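Undergrad: model this:
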Amino acid sequence: MKLDWNDITCDPHIDEMEDIGGADAMLGRVVAQDGPILEVVSPRGITLARPSGRLAYLIGLGSQPVPAVGDYVALDCEHRTTVRAIAPRRSAFARMEAGRRTSAQVVCANVDLALIVTTAPPAAAREASARTELRDFSVRRIERFVATLDPRVHPLVVLNKCDLIRDAAAVRRAIEAELPGIDVCMVSARTGEGVESIHRRIPRGATAVLVGSSGSGKSTLINRLTGLAIRTSSVREIDGRGRHTTTGRRVYALPEGGLLIDTPGIREVQLWAEADATDRLGAAFAEIDEIAADCRFSDCRHEDEPGCAVRAAVRSGRITRERYLSYLELQKEHQVSAERREKQDRLTARRVARASRMRRRSRGG
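TA: Residues are numbered from 1 along each chain as shown. Here you go, the predicted model:
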């Protein structure tokens, strides 16, 4: 469906955004991004825009975020190609930026649901020839995706290509046992089986994001959900991986009135720890978080402390060793990320203070 401003105004939170940018500004929402170019929909239609000089300066200082798909922004009424300000985000999907930089890359903002798309496990394939198409599955990667999400974003694991497996119900039960507390949905984007259950989870006014690696069938799933014909790519026989189809990020309107954000294929995510890092791990490992309440020490890290209820649960088999080790790995990664974030926050504060002093001097203050 073609996206217009009426699709955006269904958001129940939109009234909170009206005051940004001043009286001569117009509210818009970023619906596509490819590099620095933003596609913004507003009451006057869709336009291409960039941050204003002042906003770009503040982004460079680190005191304002880089605009992302899903952001509500203030457009200059006279020059709709200029973004003046970004509204506070109610949620964000962020990951550690690639390379040596110690900053977050916000994939999208203001989302309610994350569809973590992967294939059904290859061991359940109906025929040996189907295993190549099912090689994307990894419980550990799913845990990582869930741990990356903002606690205000509900995760839904979408096991795609279920038409290639023997017993979808048995597979779903097995995955739910490996991922306690996480919702799992079995679909076949190719045949349409199970897709209606996803539609029901993205009602009018809600925004969902689709994440997963190339080869999981994301583009085919978007075709099913939106009714559009988005280019898809096959899985390579040599390694079972898909070719990248989506290169930017884009919002699509769904027939039921919800919005869906597509993202490029992501095989792995490095965690970026915000202040709520503990909450994110608790959401990804709900049963560990619950058992941890019985540890002798409230700050127990579940490694070698005496009276650790989590390690006792591992010994008794209540928690699998693989899941416990995955938890420890992500816990350490969150700690490293938190230290980097704190360092970045200090650098940003110094840059902002220095810029403020220079501004006062230039005014003779």
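Undergrad: what comes up buried for the strand ranked longest in the chain?
TA: Ranked by number of residues, the top strand in the chain under DSSP state E is strand 25-34. Buried residues in strand 25-34, counted by 16 or more other Cβ atoms under 10 Å: Ala25, Met26, Leu27, Gly28, Arg29, Val30, Val31, Ala32, Gln33. C-beta coordinates here come from the backbone N, C-alpha and C atoms, glycine included.
Undergrad: Tabulate the residues you listed in a markdown table, adding columns for distance to Pro180 and pLDDT.
TA: Shown next, in a markdown table, are these (distance: Cβ to Cβ, whole Å; pLDDT from 0 to 100):
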| residue | distance to Pro180 | pLDDT |
| --- | --- | --- |
| Ala25 | 46 | 87 |
| Met26 | 46 | 91 |
| Leu27 | 41 | 93 |
| Gly28 | 41 | 94 |
| Arg29 | 36 | 96 |
| Val30 | 35 | 96 |
| Val31 | 36 | 96 |
| Ala32 | 37 | 95 |
| Gln33 | 35 | 89 |
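Undergrad: returning to what we had before: against which helices or strands is the next helix or strand after the longest strand of the chain packed?
TA: Beyond strand 25-34 on the C-terminal side, the first helix or strand identified by DSSP states H and E is strand 37-42. Strand 37-42 is packed against helix 5-8, strand 25-34, strand 45-51, strand 72-76, with contacts defined by 3 or more Cβ pairs under 8 Å, 6 or more residues apart in numbering; DSSP states H and E.
Undergrad: tell me the mean pLDDT over strand 37-42?
TA: In this model, strand 37-42 has a mean pLDDT of 93.
Undergrad: swap in stretch 88-97?
TA: For stretch 88-97, mean pLDDT is 85.
Undergrad: Buried residues in that stretch, which are they?
TA: Arg89, Arg90, Ser91, Ala92, Phe93, Ala94, Arg95, Met96.
Undergrad: Could you give the bridge partners of the fifth one?
TA: When assigned by DSSP bridges, Phe93 has beta-bridge partners Cys108, Leu149.
Undergrad: which one is Val187 nearest to, not counting chain neighbours?
TA: Leaving aside its sequence neighbours, Val187 sits nearest to Gly194 (Cβ to Cβ, 6 or more residues apart in numbering; 3.6 Å).
Undergrad: residues near that neighbour, how many?
TA: When neighbours are defined as other Cβ atoms under 10 Å, Gly194 has 19 of them.
Undergrad: That one and Arg296, how far apart?
TA: From Gly194 over to Arg296 the distance is 45 Å, taken as Cβ to Cβ, to the nearest Å.
Undergrad: Kindly report the same for Val251.
TA: Separation of Val251 from Arg296 (Cβ to Cβ): 48 Å.
Undergrad: Look at those two and report which has more neighbours.
TA: Per other Cβ under 10 Å, whichever of Val251 and Arg296 has more neighbours is Val251, with 23 against 10.
Undergrad: Spell out which residues make up each domain of the chain.
TA: 5-88, 108-262, 277-360 (automatic domain parsing).
Undergrad: Let's have those in TSV, adding distance to Leu271.
TA: Below are the domains of the chain laid out as TSV (distance: least, Cβ to Cβ, whole Å):
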stretch	distance to Leu271
domain 5-88	18
domain 108-262	6
domain 277-360	5
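Undergrad: Out of those domains, which is the most enclosed?
TA: By mean neighbour count, with neighbours taken as mean count of other Cβ atoms under 10 Å, domain 108-262 ranks first of these at a mean of 19.
Undergrad: thinking again about what came up before, so for Thr348, which of the helices and strands packed on strand 37-42 sits nearest?
TA: strand 45-51 (17.3 Å; Cβ to Cβ).
Undergrad: continuing past that closest one, what's the next helix or strand?
TA: Next helix or strand after strand 45-51 toward the C-terminus (DSSP H and E): helix 53-61.
Undergrad: Since that was my last question, I'll sign off now.
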